[in-house]
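Asker: With the sequence up front, the predicted model follows.
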Amino acid sequence: MPPGWGAGAWGGAPWGGGDLLTVTRAEAIGENAVRVRFNLPVLLQNIGDFADGLTPANYAVARLTFGARDVAIAQIEHDGASLDSVVMRLDRSLSGAPALYDARVSRVRGAAGEVLDPAAAFFSFLGCERFVPPDLERTAPDRFRDIANPQALGDRLGITAAELGTIPIDGAGDYALDAGLTNVRKRIYRRLVTQPGGFYHLPDYGLGLLDRVKRLAGPVQLAALQRDAQAQLAQEPGVRSVSVAVSLDGAIVRFKIKVRTDIGEDAFEFPFSTEAT
């Protein structure tokens with residue numbers, strides 16, 4: 001076919017040339033999650049636009065194996081910090097391998113306006129591997145392990161300030177867990193900032209720190225805050241002993257905490273501003 005006005009044959013590329021957007025891979029990363037990868041960064045605006053890479057109507061999953069479970073798109077999500085892939089969340093679990101599916105994309109454009117190549121807008125992938133019961137000894141929640149819910153930037157590598165307090169997803173598409181002393185720090189922070197009565201079933205839980213530090217007037221209030229913080233943290237499950245030192249540094253109240261637990265010792269600091277927000 002003779003060359004067109006752009007970089008490819010007539011109808012084979014947009015006028016004026018440039019790359020076409022193509023689907024390079026699809027893979028099941030969870031029972032109801034499929035990662036779709038493109039060759040270029042994708043338009044990701046999440047405003048329901050016709051060409052938006054986060055618009056569910058632009059995706060479909062078709063079963064290629066007879067008898068495999070039909071699934072539908074429930075949601076399209078960002079794939080972490082990646083700009084050239086998205087995660088399709090499905091309304092139900094995929095059939096297990098060797099069931100074969102097709103991930104199909106339409107209308108989506110690249111971040112720079114690249115047009116989707118209809119000849120490379122789909123990719124076949126296997127359903128999830130056969131289910132293996134989790135090792136409950138390793139994954140079951142206990143005093144030092146539960147669903148991750150980062151409260152500080154150091155709680156989990158790669159977390160951003162905008163993601164604090166959210167529930168992150170692990171590489172398998174399941175809820176991520178935190179464990180050990182990371183989990184202890186999170187629980188201590190949560191107990192400090194929770195308002196008393198914030199949990200209906202735990203009326204004595206919480207220090208209400210964010211309100212109290214804004215009302216500090218002198219050494220008496222500071223000493224009371226230190227005493228109450230230590231009493232609260234001593235009640236945290238798994239804590240054997242704890243010491244709390246509270247100091248006022250300008251507009252910042254610093255909590256220096258040393259804790260000994262059933263699994264080890266830790267020392268850390270939480271700063272809080274006394275200025276109204």
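Answerer: In hand now; what should we look at? Numbering: from 1, shown residues only.
Asker: My read is that residue 240 contacts residue 260, right?
Answerer: Yes: with contact defined as C-beta atoms under 8 Å, residue 240 reaches residue 260; the gap is 4.8 Å. Placement of C-beta: from N, CA and C, glycine included.
Asker: Just want to know which of those two has more residues nearby.
Answerer: In this comparison of residue 240 against residue 260, neighbours counted by other C-beta atoms under 10 Å, the higher total goes to residue 260 at 13 against 10.
Asker: Just the local confidence number for the more buried one, please.
Answerer: You'll see residue 260 listed with a pLDDT of 91.
Asker: Would you enumerate the residues in contact with it?
Answerer: With contacts taken as C-beta atoms under 8 Å, 6 or more residues apart in numbering, residue 260 has the following neighbours: 239, 240, 241, 242.
Asker: so how many other residues sit close to the residue nearest to the first one when sequence neighbours are not counted?
Answerer: Okay, so that is residue 239. Take residue 239 and drop its neighbours on the chain: the residue closest to it by C-beta to C-beta, 6 or more residues apart in numbering is residue 261, 5.5 Å away. The tally of other residues near residue 261 (other C-beta under 10 Å) stands at 20.
Asker: Which helix or strand in the protein has the lowest average pLDDT?
Answerer: Sorting the helices and strands of the chain by mean pLDDT, DSSP states H and E puts helix 136-139 at the bottom, at a mean of 55.
Asker: For the contacts of residue 260, which two are the farthest from each other?
Answerer: Every pair in the contacts of residue 260 was compared (C-beta to C-beta); the two farthest apart turn out to be 240 and 242, at 8.2 Å.
Asker: Is the closest residue to residue 69 other than its chain neighbours in a helix, a strand, or coil?
Answerer: Once its chain neighbours are removed from consideration, residue 69 has its nearest residue in residue 95; the separation is 4.5 Å (C-beta to C-beta, 6+ apart). Three states are possible here, and by DSSP: H, G, I helix; E, B strand; the rest coil the one that applies to residue 95 is coil.
Asker: residues in contact with residue 95?
Answerer: Under the criterion of C-beta under 8 Å, 6+ apart, the contact list for residue 95 reads 63, 65, 67, 68, 69, 127, 128.
Asker: before we move on, what about residue 23?
Answerer: When the contact criterion is C-beta under 8 Å, 6+ apart, the partners of residue 23 are 36, 37, 38, 103, 105, 120, 121, 122, 123.
Asker: So it versus residue 75, what's the distance?
Answerer: 19 Å (C-beta to C-beta, to the nearest Å).
Asker: again, but for residue 194
Answerer: The value you get for residue 194 to residue 75, if C-beta to C-beta is used, is 31 Å.
Asker: and residue 42, backbone torsions?
Answerer: phi -110, psi 150 (degrees, to the nearest 10).
Asker: Sitting in strands, which of the contacts of residue 95 do you find?
Answerer: The members of those that map onto strands under DSSP state E are residue 63.
Asker: Dump the contacts of residue 95 to JSON lines, plus neighbour count, distance to residue 209 and pLDDT.
Answerer: Output for the contacts of residue 95, formatted as JSON lines (neighbours: other C-beta atoms under 10 Å; distance: C-beta to C-beta, whole Å; pLDDT from 0 to 100):
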{"residue": "63", "neighbour count": "17", "distance to residue 209": "53", "pLDDT": "95"}
{"residue": "65", "neighbour count": "14", "distance to residue 209": "56", "pLDDT": "94"}
{"residue": "67", "neighbour count": "7", "distance to residue 209": "57", "pLDDT": "91"}
{"residue": "68", "neighbour count": "17", "distance to residue 209": "53", "pLDDT": "92"}
{"residue": "69", "neighbour count": "15", "distance to residue 209": "49", "pLDDT": "92"}
{"residue": "127", "neighbour count": "22", "distance to residue 209": "48", "pLDDT": "91"}
{"residue": "128", "neighbour count": "20", "distance to residue 209": "44", "pLDDT": "80"}
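Asker: what's the distance between residue 230 and residue 93?
Answerer: As judged by C-beta to C-beta, residue 230 and residue 93 stand 47 Å apart.
Asker: Buried only: go through the contacts of residue 260 for me.
Answerer: 239, 242 (16 or more other C-beta atoms under 10 Å).
Asker: avg pLDDT for stretch 88-100?
Answerer: Averaging the model's pLDDT scores along stretch 88-100 yields 91.
Asker: oh, I was asking about stretch 180-197
Answerer: With pLDDT averaged residue by residue, stretch 180-197 scores 87.
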